[in-house]
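Visitor: Okay, predicted coordinates and the sequence, questions at the end:
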Amino acid sequence: MSGQRLDIGEHGDVHYREKPNGRVAASMYFRNAQGVRKRIEATGDSRASARRRLFATLGEAMAAGGPGYSPRSTFADVGWSR
């Protein structure tokens, strides 16, 4: 059974794994402004370092995705008119 679908701008749980070189990789899925589910990953020397880098990467990815629309956005918010 799958989990609940992510809304635009939301992210899932952080998952960790140790890489062969001893560093830690942190990854998660998020839904960008276009509604596409993406996976991102960041590495660090510790779980905390990998998590900080992961959330920095998430911030960059969300900023690059264009305006921050949400499920409550109206047509006026997106500039649509008749």
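Guide: Yep, that arrived. Residues are numbered from 1 along each chain as shown.
Visitor: quick one, phi psi at T57?
Guide: Main-chain dihedrals, T57, degrees, to the nearest 10: phi -60, psi -40.
Visitor: Run a quick neighbour tally on it.
Guide: Applying other CB atoms under 10 Å, we find 17 residues neighbouring T57. C-beta: built from backbone N, CA, C; applies to glycine.
Visitor: Verify the stated contact: it with G44.
Guide: No. Assessed by CB atoms under 8 Å, T57 is found out of contact with G44, at 11.2 Å.
Visitor: G44 and A50 touch, don't they?
Guide: Yes. At 3.6 Å, G44 counts as touching A50 under the criterion of CB under 8 Å.
Visitor: The two: which is more packed in?
Guide: Neighbours were counted for G44 and for A50 using other CB under 10 Å; A50 has more, 23 against 16.
Visitor: Phi, psi for the more buried one please.
Guide: Main-chain torsions, A50, degrees, to the nearest 10: phi -60, psi -40.
Visitor: who's in contact with it?
Guide: Y16, R23, V24, A25, A26, A42, T43, G44 (CB atoms under 8 Å, 6 or more residues apart in numbering).
Visitor: Save the residues you listed as a markdown table, and put in distance to A76 too.
Guide: A markdown table is the format used below for these (distance: CB to CB, whole Å):
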| residue | distance to A76 |
| --- | --- |
| Y16 | 42 |
| R23 | 47 |
| V24 | 45 |
| A25 | 42 |
| A26 | 38 |
| A42 | 36 |
| T43 | 42 |
| G44 | 42 |
